[in-house]
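Asks: Using only what follows, build the 3D model:
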Amino acid sequence: MGRILIIEDSLVEIEIMKRVLQSTPHTLAIAKDGEDGIEKARAIKPQLILMDVVMPKKNGFQVCRELRNDPRFKNTPIILVSSKDKDFDKVWGKQQGASDYLVKPYNPEDLLAIVKKYLGA
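Replies: Below is the predicted model of the structure:
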């Protein structure tokens with residue numbers, strides 16, 4: 001069982017992720033903007049981070065870069081989950097340190113597959 005941190009400013013998206021992930025054995029923590037996400041990540045040290053790109057205070061690319069520069073998160077999977085679906089966005093996300101990129105709207109099975117890929121359940 002792992003800890004998953006969801007960094008997302010949309011309450012609707014948070015609820016969708018929570019419903020999809022409730023069938024997994026993982027515990028969920030929520031942050032509603034980029035700065036809060038960094039603070040929560042440092043406090044709870046999640047095994048997986050699911051993060052939006054377009055958020056207030058700090059966007060997902062900035063948060064990804066900042067977390068990757070912290071040795072504690074060098075190997076933590078960071079999945080960008082965004083409606084930004086251009087190839088450029090995906091490449092840029094990977095260059096900022098994202099492990100994977102999931103485009104909204106996504107199928108619940110795709111989210112579960114990513115969680116399983118990185119956490120094994």
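Asks: Tell me which helix or strand comes right after the lowest-mean-pLDDT helix or strand in the chain.
Replies: Across the helices and strands of the chain, the lowest-confidence element by mean pLDDT, DSSP states H and E is helix 87-95, at a mean of 92. Where DSSP states H and E defines the elements, the next helix or strand beyond helix 87-95 is strand 100-103.
Asks: Mind listing what's buried along that following strand?
Replies: 100, 101, 102 (16 or more other C-beta atoms under 10 Å). Bear in mind the C-beta positions are built from the backbone N, C-alpha and C, glycine included.
Asks: do stretch 46-66 as well
Replies: 46-53, 55, 58-64, 66.
Asks: what's the answer for stretch 32-42, then?
Replies: Buried residues in stretch 32-42 (16+ other C-beta under 10 Å): 32, 33, 34, 35, 36, 37, 38, 40, 41.
Asks: Would you mind writing the CA trace of that stretch as PDB?
Replies: C-alpha atoms of stretch 32-42 as PDB (Å, rounded to 0.1, in the frame of the first residue of the first chain):
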ATOM      1  CA  LYS A  32      -5.200  22.200  -4.300                       C
ATOM      2  CA  ASP A  33      -2.300  24.200  -5.800                       C
ATOM      3  CA  GLY A  34       1.300  23.900  -6.700                       C
ATOM      4  CA  GLU A  35       2.800  25.500  -3.600                       C
ATOM      5  CA  ASP A  36       0.500  23.400  -1.300                       C
ATOM      6  CA  GLY A  37       1.600  20.300  -3.400                       C
ATOM      7  CA  ILE A  38       5.200  20.900  -2.700                       C
ATOM      8  CA  GLU A  39       4.600  21.400   1.000                       C
ATOM      9  CA  LYS A  40       2.400  18.200   1.300                       C
ATOM     10  CA  ALA A  41       4.900  16.200  -0.800                       C
ATOM     11  CA  ARG A  42       7.700  17.100   1.700                       C
END
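Asks: Under a three-state scheme, what state does the residue nearest the centre of the chain occupy?
Replies: With distances taken as C-alpha atoms, centre = their mean, residue 50 lies nearest the centre of the chain, 1.4 Å away. Following DSSP: H, G, I helix; E, B strand; the rest coil, we place residue 50 in the strand state.
Asks: Surely it is in contact with residue 79?
Replies: Yes - assessed by C-beta atoms under 8 Å, residue 50 is found in contact with residue 79 at 5.1 Å.
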